[in-house]
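**Q** Provide a 3D model corresponding to the input given below.
(chains A and B)
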Amino acid sequence: MTAHGIFQITTYFIALIAVAIPLGRYMARVYQGEPVFLKGMTGPLEKWIYRHCRINADEEMTWKAYAGRLVIFSVMSCLVVYLLQRLQGFLPLNPHGLPAVPPDLAFNTAVSFVTNTNWQAYSGETTLSFCTQMLGMTVQNFVSAAAGMAVLMAFIRGLKRTLSPTIGNVWVDLTRTILYILLPLSLVLALFLVSQGVVQTLQSPAEVGLLEQAKDGAATAESVQEIRLGPAASQVAIKQLGTNGGGFFNANSAHPLENPTPLSNFLEMLAILLIPVALCITFGRMLGDGRQGWALLAAMMMILIPLLGICLVSEQAGNPSFRQMNVDQSIGALQSGGNMEGKEVRFGIANSALWAAVTTAASSGSVNAMHDSFTPLGGLVPLVLMQLGEIIFGGAGSGLYGMLMFVLITVFIAGLMVGRTPEYLGKKIEAFEIKMAALVILIPAAVVLIGTGVAVVTRPGLAGILNTGPHGFSEILYAFSSAANNNGSAFAGLNANTPFYNLTLGFAMLIGRFGLIIPVLAAAGSLAQKKCVSAGAGTLPTHTPLFVMFLVAVIMLVGALTFVPALALGPIAEHLAWMRS
Amino acid sequence: MWQPIRTAILLFVVMTLLIGIVYPFAVTGLAQLLFPWQAGGSLVKINGGKTVAELVGQPFSEPGYFWGRPSATSSGAYNGAASMGSNLGPTNPALKEAVRRRIIALLTADRENRQLIPVDLVTASGSGLDPHISPAAALYQVPRVAKARGIDSRKIEALVRINIRDRQFGIFGEPTVHVLHLNMALDAMR
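**A** Residues are numbered from 1 along each chain as shown, chains lettered A, B, ... in the order given. This is a model prediction of the structure:
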């Protein structure tokens, strides 16, 4: 590790907090219907949408109505994205002449984008037409992120309201999120990215000459390089901001036309964590106690930073098996050294390790280096961050509501210790809420472990492995961890474009999304109906360092108890074998 | 039951128009207006009427050129139509074997070179299209290029040093050498 690597990482976190605070305050105003500076422009558009779609913005919904409408909207989204892929051969904006996507892959991809996962069993530039990318992927990048944020808002209302049968209006939450937050941010970020060299064009492909072959005279197939371009910047901006992560190109943000410079890399990394961090601030604001948001933010940071450190140190240490081969992996002024397989020179080790930690802490899953080629412990870090349940920042909205479920469990355990009824922010936490929180924690964990178990004992499951031994097990474990927690990154050596993986991972993503949204909304509905009890001498304060430590301990304990056996078979076994040889 | 479905369809259609059509076309229009060169893929016309892409690496294998990162793209290195990394795990024997082959290729082209080989010169990039190598990887290749071109190696080394690009704004990323730029500068030397 160098001083400069640490300096870049510190700069990143300072910039992140500095941008997230004003955004968090702004979002609180948006969701509370207070005037904001964009109102002049988007206000009329918002009203037009409500009128046109016959939405009564004042209508209030019970949790069941809210969840039902969200499910209807998502099912419809799945259908449309599926059909776009199947019919893209007949639709316009298909300059590379790509045929229909096969049914199993189209199903997997539709589910993947609707659930905010963006697991990609396909390669962007060779599978999807511009029409599918724009009308399918870009639209879902917005609405799936908005859906996560809407559910979070419903849950916050559940905490705030007393004796209320309703938790808000899902149509209004979706529309406001898109119009006031995601769309303006994406527009600005997309243009910044284009200025750095991210492509945004409908003219593709470009044919360029190769310098080395130029002297041979006549132009042949070998002297020309075909470069596929496309409307990438508009999609890359929202892929990062909405914690989606699905790349326009196969190599995702390692591709020089999707992430050309260290500055674009910095901006994209900021965008990944921006909304999840800002929502912590929004949460505190909306509840009228900023400390509650900061406490959650502190807990998330306390888990992220040490894991980032492990990833950084082990990637910088490089690959011991190259040492006898006269390869220089040391760090110096002239090279970043370390484990450079699957990494880009312009990013080096520090920015690749930081990205890997950030993208799996958030449920983004976009990559700027190939995680499959990380060192065993370097690859363990993204795996663990996903397995903790995508709550260390997590997805836009979904990360924070997942974290709040852990908070409920934590106050419950604390309550058990002293023998009092637990409460959180004035609401009594009773059996129903704890049941819902337990479901939210157990469902993805069960899907990861059962899915991995099935894959490693069946022939089609094993057929997808690229790397043998413990690393092959890690590939499968990573795939199910990523799908069930709606992250979307991969140990991409696994050939996941087979009917077996397309279907199993597709269902894992669906369960990991709606299996969580429904219990969270149910808990929100139940909390909204309760009365508020005033804090007494026996109330556990939930903003203190003590509580933060306790929360972190509960998260790590649940994660360790669930996943250490599986991790021991994969990255840990690989690491130990590596150290011995 | 029917009414929420109707609202969902209407809202979906409106959002698709707004986000799926208006937004990407607005970004395309603004990008073409403000940054037309970058938006179109940063293509540059060079001497001889050829067009090259500034941001996408090219394959080099002749001893008289500086070589870039090994590329794992399918159907040939630096395939700009199908980006990918090797995805080989760190303990995979195939990775060790690939590195060994690359080392042999480097040493065959330059038998007297006894320096340690910079790691980025023998490991595949993430995209398979990495346009850069580290300054160390460029300096390592100076003796070979000098010999193949019959130019004093001090002149070549000076050229490499001019082509070292520091971190962006002195802060972000790592120092790099742009392989295509360096090779174009080499060709322009005579």
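**Q** which non-adjacent residue is nearest the closest residue to chain A within chain B?
**A** Residue of chain B nearest chain A, by CB to the nearest CB: residue B:173 (2.6 Å). Placement of C-beta: from N, CA and C, glycine included. The spatially closest residue to residue B:173, leaving aside those adjacent along the chain, is residue A:262, at 2.6 Å (CB to CB, 6 or more residues apart in numbering or on different chains).
**Q** could you measure the one you found against residue B:82, distance?
**A** Per CB to CB, to the nearest Å, residue A:262 is found 25 Å from residue B:82.
**Q** which residues touch the residue of chain B closest to chain A?
**A** Contacts for residue B:173 were tallied using CB atoms under 8 Å, 6 or more residues apart in numbering or on different chains; they are A:261-263, A:265, A:346-348, A:351, B:167.
**Q** Would you list the buried entries among the residues you listed?
**A** Using 16 or more other CB atoms under 10 Å in any protein chain shown as the burial test, those include A:261-263, A:265, A:346-348, A:351, B:167 as buried.
**Q** Check those and tell me the two furthest apart.
**A** Spatially, the most separated pair among the buried ones among the contacts of residue B:173 is A:263 and A:348, at 14.3 Å (CB to CB).
**Q** what pLDDT does whichever residue of the stretch 251-400 of chain A sits closest to chain B get?
**A** Of all residues in the stretch 251-400 of chain A, the one sitting closest to chain B is residue A:262 (2.6 Å; CB to the nearest CB). Residue A:262 carries a pLDDT value of 97.
**Q** Could you list the low-pLDDT ranges of the stretch 1-150 of chain A?
**A** Filtered on pLDDT under 70, the stretch 1-150 of chain A yields the residue ranges A:1.
**Q** and it, which of its residues are near chain B?
**A** A:4, A:7-8, A:11, A:49, A:52-55, A:65, A:68-69, A:72-73, A:76-77, A:80, A:123, A:125-126, A:134-136, A:138-139, A:142-143 (CB under 8 Å from any CB of the partner chain).
**Q** From these, keep the buried residues only.
**A** A:4, A:8, A:49, A:53, A:55, A:65, A:68-69, A:72-73, A:76-77, A:80, A:123, A:125, A:134-136, A:138-139, A:142-143.
**Q** Got the domain ranges for chain B?
**A** When chain B is parsed with automatic domain parsing, its domains come out as B:2-37, B:41-187.
**Q** among the buried ones among the residues of the stretch 1-150 of chain A next to chain B, which are in helices?
**A** A:4, A:8, A:49, A:65, A:68-69, A:72-73, A:76-77, A:80, A:125, A:139, A:142-143 (DSSP state H).
**Q** so residue 146 is in which element?
**A** Since you didn't name a chain, this refers to chain A. Following DSSP states H and E, one finds residue A:146 within helix A:139-160.
**Q** To clarify, I was referring to chain B.
**A** helix B:142-149.
**Q** coming back round to it: enumerate every residue touching the residue nearest to residue B:173.
**A** A:346-347, A:351, B:167-168, B:172-174.
**Q** can you map out the strands along the stretch 251-400 of chain A?
**A** For the stretch 251-400 of chain A, the strands defined by DSSP state E, counting those that start in this stretch occupy A:327-328.
**Q** One more: chain B?
**A** With DSSP state E, the ranges of strands along chain B come out as B:43-45, B:51-53, B:117-118, B:132-133, B:164-165, B:176-178.
**Q** before we move on, back to that, helices or strands next to the helix holding residue A:146 in the packing?
**A** In terms of contacts (3 or more CB pairs under 8 Å, 6 or more residues apart in numbering or on different chains; DSSP states H and E), helix A:139-160 is packed against helix A:63-87, helix A:103-114, helix A:170-176, helix A:233-241, helix A:262-286, helix A:398-418, helix A:499-528, helix B:2-15.
**Q** how about a cut-off of 6 Å?
**A** Helices and strands touching helix A:139-160, by 3 or more CB pairs under 6 Å, 6 or more residues apart in numbering or on different chains; DSSP states H and E, are helix A:103-114, helix A:170-176, helix A:233-241, helix A:398-418, helix A:499-528.
**Q** okay, those, which one's buried deepest?
**A** Of all these, helix A:233-241 has the most neighbours on average by mean count of other CB atoms under 10 Å in any protein chain shown, namely a mean of 30.
**Q** what does the average pLDDT come to for it?
**A** Helix A:233-241 comes out at a mean pLDDT of 97.
**Q** quick one: that helix to chain centroid distance?
**A** 13 Å (CA atoms, centre = their mean, to the nearest Å).
**Q** rewinding a little: which one of the contacts of residue B:173 is nearest to residue A:113?
**A** Checking the contacts of residue B:173 one by one against residue A:113 (CB to CB), the nearest turns out to be residue A:265, at 23.6 Å.
**Q** Okay, the closest one and residue A:254: tell me how far apart.
**A** 10 Å.
**Q** again, but for residue B:62
**A** Counting by CB to CB, the gap from residue B:62 to residue A:254 is 27 Å.
**Q** Residue A:548 now?
**A** 35 Å.
**Q** of the two, who's got more company?
**A** When neighbours are counted by other CB atoms under 10 Å in any protein chain shown, residue A:548 and residue A:254 differ, and residue A:254 comes out ahead with 31 against 21.
**Q** Give me the phi and psi for the closest residue to the more buried one other than its chain neighbours.
**A** Distances taken as CB to CB, 6+ apart place residue B:126 nearest to residue A:254, at 3.3 Å, with adjacent residues excluded. Per-residue torsions, residue B:126: phi -70, psi -40 (degrees, to the nearest 10).
**Q** correct me, but residue B:126 touches residue A:342?
**A** Yes - Residue B:126 is within contact range of residue A:342, at 4.8 Å (criterion: CB atoms under 6 Å).
**Q** what's around residue A:553, how many residues?
**A** 13.
**Q** May I see the buried residues of the helix or strand it falls within?
**A** Following DSSP H and E, one finds residue A:553 within helix A:545-567. Residues of helix A:545-567 classed as buried by neighbour count (16+ other CB under 10 Å): A:547-548, A:550-552, A:554-555, A:558-559, A:562-563, A:566-567.
**Q** Residue A:268: what's it in contact with?
**A** Listed by CB atoms under 6 Å, 6 or more residues apart in numbering or on different chains, the contact set of residue A:268 reads A:240, A:253, A:259.
**Q** Filter these to keep only those in contact with chain B.
**A** Applying CB under 6 Å from any CB of the partner chain, the subset of these adjacent to chain B is empty.
**Q** just those residues now: which is nearest residue B:160?
**A** residue A:259 (25.6 Å).
**Q** That closest one and residue A:175, how far apart?
**A** 31 Å.
**Q** With residue B:110 instead?
**A** Residue B:110 is 63 Å from residue A:175, by CB to CB.
**Q** again with residue A:376
**A** From residue A:376 to residue A:175 the distance is 46 Å (CB to CB).
**Q** Just give me the neighbour total for the residue nearest to residue A:370 when sequence neighbours are not counted.
**A** Nearest residue to residue A:370, sequence neighbours excluded (CB to CB, 6+ apart): residue A:342, at 3.2 Å. When neighbours are defined as other CB under 10 Å, residue A:342 has 32 of them.
**Q** Correct me if wrong: residue A:342 contacts residue A:367.
**A** No - Residue A:342 lies out of contact with residue A:367 (CB under 6 Å); the separation is 9.1 Å.
**Q** related to what we said a few turns ago, just the pLDDT for the residue of chain B closest to chain A.
**A** 95.
**Q** residues touching the residue positioned nearest the centre of chain A, list them.
**A** Central residue of chain A (CA atoms, centre = their mean): residue A:363, 1.8 Å from the mean position. By CB under 6 Å, 6+ apart, the contact set of residue A:363 is A:243, A:390, A:394-395, A:486-487.
**Q** Make a markdown table out of these and add neighbour count.
**A** As requested, these are exported to a markdown table (neighbours: other CB atoms under 10 Å in any protein chain shown):
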| residue | neighbour count |
| --- | --- |
| A:243 | 36 |
| A:390 | 33 |
| A:394 | 29 |
| A:395 | 35 |
| A:486 | 33 |
| A:487 | 33 |
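**Q** Narrow these to those in helices?
**A** Among these, no member falls in helices (DSSP H).
**Q** Just send the residues you listed back as a markdown table, with distance to residue A:331 too.
**A** Listed next are the contacts of residue A:363 as a markdown table, based on distance: CB to CB, whole Å:
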| residue | distance to residue A:331 |
| --- | --- |
| A:243 | 31 |
| A:390 | 32 |
| A:394 | 32 |
| A:395 | 34 |
| A:486 | 35 |
| A:487 | 29 |
